[in-house]
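Visitor: build me a model from this:
(one chain, ligands or ions: 1)
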Amino acid sequence: MDGGAIPRPPIKRASLAIDRRRVNCHRRTPCCKRSREKKDSGHFPLGISSNTQFAFTALPPPPSFCSIDRKTAETMKKEMMGLMEDELFPSTPGKVKIERTHAISRQLHQCFASTSTMFLWALFLIALTASYLSFQSFVDSSSRYFDASWGGMQWEKQIRASATVRRPGGFSVLVTGAAGFVGTHVSLALRKRGDGVVGLDNFNSYYDPSLKKARMALLDSRGVFVVEGDINDARLLAKLFDVVPFTHVMHLAAQAGVRYAIENPASYVHSNIAGLVALLEACKSADPQPAVVWASSSSVYGLNEKVPFSESDRTDRPASLYAATKKAGEEITHTYNHIYGLSTTGLRFFTVYGPWGRPDMAYFSFTRNILQGKPITVYRGKDRVDLARDFTYIDDIVKGCVASLDTAEKSTGTGGRKRGPAQYRIYNLGNTSPVTVPALVGVLEHHLKMKAKRNVVEMPGNGDVPFTHANISLARAELGYKPTTNLETGLKRFVRWYLLYYGYNTRSGGLAGSAKSL
Ligand SMILES: O=C(O)[C@H]1O[C@H](OP(=O)(O)OP(=O)(O)OC[C@H]2O[C@@H](n3ccc(=O)[nH]c3=O)[C@H](O)[C@@H]2O)[C@H](O)[C@@H](O)[C@H]1O
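Guide: Numbers count the residues shown, from 1 in each chain. Okay, the predicted model is just below:
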């Protein structure tokens, strides 16, 4: 080249096709060779990126890049750099270039294209998430349906069969807490005389659930179906009343135990308050409304010192949360009686004991410990006074429960509306013969033919009361209630059952043996 002015290359959008002439030039000349070596080694001049280098090499080259004079080369370099900067950085005001406009519009187009792609992806992801969630809820509801211990045609068939009445004028009774101690015995008694019975129990683990399952197996063998469910489950309750027009509800499901309330107060609120309300809600909405008989407790007398305890005595000084929830139950049932015309009968049980009993109670745990040679803790009251209870045998309690059902008047409401005043009753169901705790231990020792290792300690301040003693005049007059089993006889039957059930000195043991003992 002569070194004259080189015409400025037309500013146009760089072609993506690499200019072959320039490639050739790079190959031919040393300076270009150096440049190529740098490029090949990944080192680009001016600290620009490989992309920028691509833009640079894509520019239309001068005829011979290596042979131009320094000034021209500088000018060209500036032009190229200007173009590169334009490509790389946002536009500068005043620089109007059609190519740049095209480039921008293309970028915008790409931008919009990518925005709409992103939008489509977002839509796709939303749709995918929604499908996943609805599938998940379908799976949840399906598994709930299939896993649920209640529901379905077969289940309803079992409910109806169990509720079938087999005597003229018989009842169909929903027994809550049917796999519990009192619940099992009452269910069996009702079934035996031809009433229809459907049980409900949540089989909680307050004490060994295997004992509850064994009771359920016993009930099943006598034709009583027990639904596994919680009284707080309003849907289940509504379904039960939908399937069977129960004439009566024997409500025995509860969180029992006086001293356990210190450990787990919420369970008392859950079962004895919330559960009771859920049950009464279902009862008041049912058509026909059933008559409700339910388990209150001698513990409502609390710190009452007037003996024997009468229904008219004050019950506003509970000594435990258990007692407070039972007392609340008496008020709550009164409300449903008053507003909705529900017939309600509350039974104040006095320390019920017997075969198939509760392992948390003293007579039961003492028996276990004595047989295992372990010490028992016997509480003693102030001034070394022995504690005493009006221990009441299960068969007597069952008679009181059945008599309460028999004498219960119908509820007066329909469809949740009261039609007139309804029956509201409270009865003591006790034995009227209190026995001290050391005397109870003596009777057990006699029946077990073993000596207890007694550890006598002062009664802890955890809700216990020093004594209970029932006045049963009202129950006797209105229910014909008359307890006939003393502690000696009752414990003898209990011990016999215990030894059979737990396999002591028996060949059969277990459920079969214990079922025979009933
Ligand atoms: O009538 C009721 O309303 C309640 O009766 C029952 O409560 P309680 O009368 O307290 O029976 P229970 O525990 O057998 O204790 C009996 C005696 O043994 C003493 N006792 C107890 C345990 C122990 O380890 N040592 C001991 O001396 C203890 O101090 C007490 O003096 C039901 O559990 C309860 O659910 C409720 O129904």
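
Visitor: isn't residue 339 up against residue 417?
Guide: No: judged on C-beta atoms under 8 Å, residue 339 makes no contact with residue 417 at a distance of 9.4 Å. Any C-beta I mention is one placed from the backbone N, CA and C, and that applies to glycine too.

Visitor: in the stretch 101-250 of the chain, what residue is nearest the ligand?
Guide: residue 182 (9.1 Å; C-beta to the nearest ligand atom).

Visitor: how far away is that residue from residue 301?
Guide: 19 Å (C-beta to C-beta, to the nearest Å).

Visitor: contacts only, for the residue lying closest to residue 297 once chain neighbours are set aside.
Guide: Nearest residue to residue 297 in three dimensions, chain neighbours excluded: residue 326, at 4.3 Å (C-beta to C-beta, 6 or more residues apart in numbering). Applying C-beta atoms under 8 Å, 6 or more residues apart in numbering to residue 326 gives the contacts 254, 272, 296-297, 299-300, 318.

Visitor: out of those, which two sit at the greatest distance?
Guide: Between any two of these, the greatest separation by C-beta to C-beta is 15.0 Å, found for 254 and 318.

Visitor: give me the more crowded residue out of these two.
Guide: residue 254 (26 against 22; other C-beta atoms under 10 Å).

Visitor: count of neighbours near residue 281?
Guide: 16.

Visitor: neighbouring contacts of the helix or strand hosting it?
Guide: Using DSSP states H and E, residue 281 sits in helix 276-285. Here helix 276-285 makes contact (C-beta under 8 Å, 6+ apart) with 176, 231-234, 237-238, 240-241, 249, 251, 253, 289-290, 292, 294, 329, 332-333, 336, 339-340, 342, 411, 413, 415-416.

Visitor: how about 7 Å then?
Guide: Helix 276-285 has contacts (C-beta atoms under 7 Å, 6 or more residues apart in numbering) with 176, 231-232, 234, 237-238, 241, 249, 251, 289-290, 292, 329, 332-333, 336, 340, 342, 413, 416.

Visitor: you'd agree residue 411 is in a helix?
Guide: No: using DSSP: H, G, I helix; E, B strand; the rest coil, the secondary structure at residue 411 is coil, not a helix.

Visitor: any idea how far residue 420 is from it?
Guide: 10 Å.

Visitor: cool, and residue 471?
Guide: 31 Å.

Visitor: where does pLDDT dip in the stretch 101-250 of the chain?
Guide: 101-115, 129-148 (pLDDT under 70).

Visitor: without its sequence neighbours, what residue ends up closest to residue 363?
Guide: For residue 363, the closest residue by C-beta to C-beta, 6+ apart turns out to be residue 353, at 5.0 Å.

Visitor: ok, back up a step: neighbour count: residue 182 and residue 301, which is higher?
Guide: residue 301 (30 against 26).

Visitor: correct me if wrong: that one contacts residue 311.
Guide: No: between residue 301 and residue 311 there is no contact under C-beta atoms under 7 Å: 9.9 Å.

Visitor: OK, contacts around residue 232?
Guide: Counting by C-beta under 7 Å, 6+ apart, residue 232 has contacts 270, 274-275, 278.

Visitor: okay, these in CSV with neighbour count next?
Guide: Compiled in CSV, those are given as follows (neighbours: other C-beta atoms under 10 Å):
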residue, neighbour count
270, 17
274, 16
275, 25
278, 17
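
Visitor: ok, and which of these reach the ligand?
Guide: Residues of those in contact with the ligand (C-beta under 6 Å from any ligand atom): none.

Visitor: now, which of the residues you listed sits nearest residue 459?
Guide: Closest to residue 459, out of all of these and judged by C-beta to C-beta, is residue 270, at 27.3 Å.

Visitor: show the pLDDT at the closest one.
Guide: In this model, residue 270 is scored at 98, pLDDT.

Visitor: list the contacts of it.
Guide: Contacts for residue 270 (C-beta under 7 Å, 6+ apart) come out as residue 232.

Visitor: that older thread, whatever helix or strand comes next after the helix holding residue 281 and the ligand, any residue contact?
Guide: Downstream of helix 276-285, the next assigned helix or strand under DSSP H and E is strand 291-297. Yes: residues of strand 291-297 are located near the ligand by C-beta under 6 Å from any ligand atom, namely residue 297.

Visitor: got the angle between strand 291-297 and helix 276-285?
Guide: 160 degrees (axes from the mean of the first three to the mean of the last three C-alpha atoms, to 10 degrees).

Visitor: in strand 291-297, which residues are buried?
Guide: 291-297 (16 or more other C-beta atoms under 10 Å).

Visitor: in helices, which of the contacts of residue 326 fall?
Guide: Using DSSP state H, no member of those falls in helices.

Visitor: list just the nearest of those to residue 169.
Guide: For the contacts of residue 326, the nearest to residue 169 is residue 296 (27.5 Å; C-beta to C-beta).
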